[in-house]
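>>> Here you go, sequence then predicted model.
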Amino acid sequence: MPFDDLRQWIAALDRAGELKRIRTEADPILEIAEITDRVSKSKTGNPGGSALLFQNVKGYPGSQLLINQFGSEARMKLALGVNSFDEFADRIRVFMDLKSPQGFLDKLKMLPLLTEAGKFFPKTVPAGPCKEVIKRDNFSLLDFPILQCWPQDAGRFITLPCVITRDPKSGKRNVGMYRLQVYDARTLGFHAQRQKVAAEHYRQAMRDAGSSSEHVGTADSAVPPSAARRAAVDLMARTSGGQVVSKKNHPKGKLEVAVAIGTDPAVTFSAIVPAPPDVEEYLIAGFLRATPVELVKCETVDLEVPATSEIVLEGYVNLDELRPEGPFGDHTGFYSLEDLYPVFHVQCITHRKDPIYATTIVGKPPMEDAYMGKAVERVFLPLMRLTIPELIDINLPIEGVFHNLMIVSIRKSYPGQARKVMNAIWSLGQAMFTKVIIVVDEDVDVQNLADVTLKVLNHIDPERDIQFTLGPIDSLDHASRLANYGSKMGIDATRKWPTEGFTRPWPDEIIMDAKTKALVDSKWRALAKELGID
């Protein structure tokens, strides 16, 4: 069943025994983060602990704060409405396997699926609970219990926002999740990393402004396309896409932004799913919920937000304004360092009466984001198979913080295929950040790290089987030679063939014969009792 809003989701967590209400006073500065970190790493009870609803937040009488809502495998499955992640991946696969109908009967077979798909598209409604309170003046971001998570953080950060922007060129909306540093009552640091969609919207706005009369042509003459492209290339090179502060090189203009906090779980999760470029996150959320997301228009910007959001921030970023953002204790287990980012100016806040502030913390795994990431891994697999059909399975180990290590099993059919797969992965959306890719044969269980370790270390000749390449690197990677740019490594741990230059004999794997195994199986109950083995 879909959850219409955060409050229905909280009630469902409560019914499932997955929610704890915290009535002891807790400070949003560091203390709530420390409590949550201990719960998420607790060795007793379920892995990941419980979702926590803080109801006595220091300095915020009457406020409620939800954290760790997705912080277990059970809660992620509850949020997606499935018993297993593969079940959800199968739903995606059904829609992706649709083929062009060849005849009348094929068209009839497609009708039920197409009818169901039509239910997923978002719809705009005239009003929603997020408009119960509208503040254009006399408001402050500090009215909400925004956390400071770690001692060296630059301040308070909004950590679980759905950030909505629109492509200035195509008009398509995007919903992403980018942390927002609180500078003061009405401004935030807009941490849209270089390769994220919102950052590209920002750059597109710069390109549009940079190819205007201020840079090429005159106000009364049309700008030739070739001149506009040259201006855009020059602007991107001189500003590194907006990273370097220089009033001379930055055109003036604005990009409108809206931020929804406290959305239903499907919308929140859709903001982190690596969607294909032409698929809107609101549509993905509709697919997850099996019912459309209801949207309302913002008060001051030309954007739409989920109607049942707890809190909505409206405003803009200036194209010629950057400000230091960070440090911030990140999911890598280290602080991401200070860097220059755009500034989000909040000009209106709307919210529900007595809004519930939804947030998260990140740090050394496992934490809440680890369970969200593993769910994304399962969702992403059928999408990867569209372009890499030989793919069997993938594993992004939690300790690899998702962009540092991907283990891939493939159905190998021709020489050099493992290297082809590595390069294919590095060409896929956010998978381009993967620092290390290990490719194994289909008989290796990539979810079993002991099996992977045994097979990989036995199968490779390091000089022959390791390749390096240069390319985009995650902004949070503090070891790369340059910010956002560095090297990546691929390891071909598949069995080598004569057609790959390997002519030595390859030994058989040690496996007991079936007859002996069956014999011992017949005696095992008695043996186990004698051995004291359950």
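Right, received. Where do you want to start? Residues are numbered from 1 along each chain as shown.
>>> what's the closest residue to residue 307 other than its chain neighbours in contact with, if anything?
In this structure, residue 307 finds its nearest non-sequential neighbour in residue 128, 2.5 Å apart by C-beta to C-beta, 6 or more residues apart in numbering. The C-beta positions use only the backbone N, C-alpha and C, and glycine is treated the same way. Neighbour list for residue 128: 294, 296, 306-309 [criterion: C-beta atoms under 8 Å, 6 or more residues apart in numbering].
>>> Recalculate using a threshold of 6 Å.
Going by C-beta atoms under 6 Å, 6 or more residues apart in numbering, residue 128 touches 296, 307-308.
>>> next one: residue 425
If a contact means C-beta under 6 Å, 6+ apart, then residue 425 has 431, 437 as its contacts.
>>> Residue 271 versus that one, what's the distance?
As judged by C-beta to C-beta, to the nearest Å, residue 425 and residue 271 stand 23 Å apart.
>>> same question, residue 352
Computed as C-beta to C-beta, the residue 352 to residue 271 distance reads 19 Å.
>>> go on, residue 61?
Distance of residue 61 to residue 271, computed by C-beta to C-beta: 30 Å.
>>> Could you check which of these two is surrounded by more residues?
Neighbours around residue 61 and residue 271, counted as other C-beta atoms under 10 Å, are more numerous at residue 271. The numbers are 22 against 7.
>>> so where does the nearest residue to residue 241 once chain neighbours are set aside fall, helix or strand?
Excluding the flanking residues, the one nearest residue 241 by C-beta to C-beta, 6+ apart is residue 203, at 5.0 Å. Per DSSP states H and E: residue 203 is located in helix 197-210.
>>> can you list contacts of that helix?
Counting by C-beta under 6 Å, 6+ apart, 165, 167-169, 174, 176, 192, 231-232, 235, 241, 251, 253, 255, 319 sit against helix 197-210.
>>> what's the average pLDDT for that helix?
Averaged across helix 197-210, pLDDT comes to 86.
>>> distance between the ends of stretch 133-150?
End-to-end distance for stretch 133-150: 32 Å, by C-alpha to C-alpha, to the nearest Å.
>>> before we move on, what about stretch 180-193?
With C-alpha to C-alpha applied, stretch 180-193 spans 12 Å between its terminal residues.
>>> what's in contact with that stretch?
Contact partners of stretch 180-193, identified using C-beta under 6 Å, 6+ apart, comprise 140-142, 146, 154-158, 161, 178-179, 198-199, 317, 325, 341-346, 475.
>>> Report the buried members of the residues you listed.
Listed as buried from the contacts of stretch 180-193 are 141, 146, 154, 156-158, 161, 178-179, 198-199, 317, 325, 341-346, 475; burial here means 16 or more other C-beta atoms under 10 Å.
>>> I'd like to know which of these are part of strands.
Using DSSP state E, the members of the buried ones among the contacts of stretch 180-193 that fall in strands are 157-158, 161, 317, 325, 341-346.
>>> Run through the strands of the stretch 201-350 of the chain in chain order.
Counting by DSSP state E, counting those that start in this stretch, the stretch 201-350 of the chain has strands at residues 254-261, 294-297, 304-306, 311-325, 328-329, 335-336, 339-351.
>>> let me redo that: the stretch 351-500 of the chain
Using DSSP E, counting those that start in this stretch, strands in the stretch 351-500 of the chain cover 356-358, 391-395, 405-410, 436-441, 466-472, 485-492.
>>> now this protein, which segments are flagged as low pLDDT?
Residues of the chain meeting the criterion pLDDT under 70: 1, 93-118, 211-224, 243-249.
>>> for it, what's the longest helix?
Counting residues, the longest helix found in the chain (DSSP state H) is helix 368-387.
>>> so what does that helix touch, helix or strand wise?
In terms of contacts (3 or more C-beta pairs under 6 Å, 6 or more residues apart in numbering; DSSP states H and E), helix 368-387 is packed against helix 73-80, helix 85-96, strand 391-395.
>>> Would you mind giving these as TSV with mean neighbour count added?
Below are these laid out as TSV (neighbours: other C-beta atoms under 10 Å):
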stretch	mean neighbour count
helix 73-80	21
helix 85-96	15
strand 391-395	20
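>>> Give the buried residues for stretch 476-491.
In terms of neighbour count (16+ other C-beta under 10 Å), stretch 476-491 has its buried residues at 476-477, 480, 484, 486, 488, 490-491.
>>> Among those, which pair sits farthest apart?
484 and 491 (23.6 Å; C-beta to C-beta).
>>> separation between residue 323 and residue 330?
19 Å.
>>> Equivalent analysis for residue 171, please.
To residue 330, residue 171 is 33 Å away according to C-beta to C-beta.
>>> Between these two, tell me which one has more neighbours.
Applying other C-beta under 10 Å to residue 171 and residue 330 shows that residue 330 carries more neighbours, namely 22 against 8.
>>> who touches that one in this structure?
For residue 330, the contacting residues are 336, 362, 476, by C-beta under 6 Å, 6+ apart.
>>> switch to 8 Å and redo it
Contacts of residue 330 (C-beta under 8 Å, 6+ apart): 336, 362-363, 476.
>>> and what of residue 88?
Going by C-beta under 8 Å, 6+ apart, residue 88 touches 80, 82, 378-379.
>>> Now those in TSV, please, with extra columns for distance to residue 416.
Below are the contacts of residue 88 laid out as TSV (distance: C-beta to C-beta, whole Å):
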residue	distance to residue 416
80	37
82	37
378	28
379	29
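>>> which two in these are spaced the farthest apart?
Pairwise over the contacts of residue 88, using C-beta to C-beta, the maximum falls at 82 and 379, 10.7 Å.
>>> Pull out the buried positions in stretch 25-34.
Neighbour-count burial for stretch 25-34, counted by 16+ other C-beta under 10 Å, picks out 26-29, 31-33.
>>> Relative to residue 429, which of the residues you listed is nearest.
Nearest member of these to residue 429, counting by C-beta to C-beta, is residue 33, at 30.1 Å.
>>> so the closest one sits in a helix?
Yes - assessed with DSSP: H, G, I helix; E, B strand; the rest coil, residue 33 lies in a helix.
>>> wouldn't it be in contact with residue 150 here?
Yes - between residue 33 and residue 150 there is a contact at 6.8 Å, judged by C-beta atoms under 8 Å.
>>> Next one: the residue nearest to the spatial centre of the chain from residue 430, what distance?
The chain has residue 272 as the residue nearest its centroid, 2.8 Å off, counting by C-alpha atoms, centre = their mean. Using C-beta to C-beta, residue 272 is found at 10 Å from residue 430.
>>> How about residue 237?
Per C-beta to C-beta, residue 237 is found 24 Å from residue 430.
>>> Same check on residue 421?
Applying C-beta to C-beta to residue 421 and residue 430 gives a distance of 17 Å.
>>> More neighbours: which of those two?
Comparing residue 421 with residue 430 by other C-beta under 10 Å, the one with more neighbours is residue 421, at 23 against 17.
>>> Okay then, goodbye and thanks.
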